[in-house]
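Asks: Got a predicted model here, sequence first, then my questions.
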Amino acid sequence: MSYFLDQWVDREFAPVAAKLFRSLFYLNMDEGNRAYFLAVKNGDPAKSRSVVLNGIKAIRDPKQAKELAREALVKLTTFDRLLAKSGGPFVLGEHPSHCDSAIFGWYVTSQINPEINSLLWRNEAVPHVKAWSEAMEKAIKFKSPFTVDDKQKKEELVKELEATA
């Protein structure tokens, strides 16, 4: 089961879900990490600025964000069907296992854009995923590592990207 989930996450879910938050990491990094992110993670720094800026704009546009979330939700229905057959809120039943961690890392990472929770993880269209995310949070006493502090600094970074993209 774990192998299937690892493969499904990497091949099906991650490429779509990452569009909902990947660019937002740039806004939460210090200067050195931002430079690395542009140079290494996204390839050519000049091109990367445009990629990151376009990603931020898409995520911040409610209509585009809903469309990106819809694409990810379609993929998440596979996980919802799997959970429906488990007999409990977790992949293997009543207790979390390694199988749950295959996708929980994406849940944690996506908390950088908490607005997507209602569109994706807590969406009534995937009731088993909703119950799973709530059960996982409770099981590990989860608190999001991301904060919304320093909004002005983040806006300055976006303007800097716009000027150099």
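Replies: Sure, I can see it. Numbers count the residues shown, from 1 in each chain.
Asks: Next up, the contacts around residue 6.
Replies: Residue 6 makes contact with residue 102, according to CB atoms under 8 Å, 6 or more residues apart in numbering. (Each C-beta comes from the backbone N, C-alpha and C, glycine too.)
Asks: Identify all contacting residues around the least confident helix or strand in the chain by mean pLDDT.
Replies: The helix or strand of the chain with the lowest confidence, counting by mean pLDDT, DSSP states H and E, is helix 151-164 at a mean of 83. Applying CB under 8 Å, 6+ apart, the contact partners of helix 151-164 are 26, 27, 28, 34, 46, 49, 52, 53, 56.
Asks: Please repeat the previous calculation with a cut-off of 10 Å.
Replies: Helix 151-164 is touched from outside by 23-24, 26-29, 31, 34, 38, 45-46, 48-54, 56-57, 60, 148, 150, with contacts defined as CB atoms under 10 Å, 6 or more residues apart in numbering.
Asks: Only the buried residues of that helix, if you could.
Replies: By 16 or more other CB atoms under 10 Å, the buried positions in helix 151-164 come out as 154, 157, 158, 161.
Asks: Could I get the pLDDT score of the spatially most central residue of the chain?
Replies: In the chain, the C-alpha nearest the mean C-alpha coordinate belongs to residue 110, at 2.7 Å (CA atoms, centre = their mean). pLDDT for residue 110: 89.
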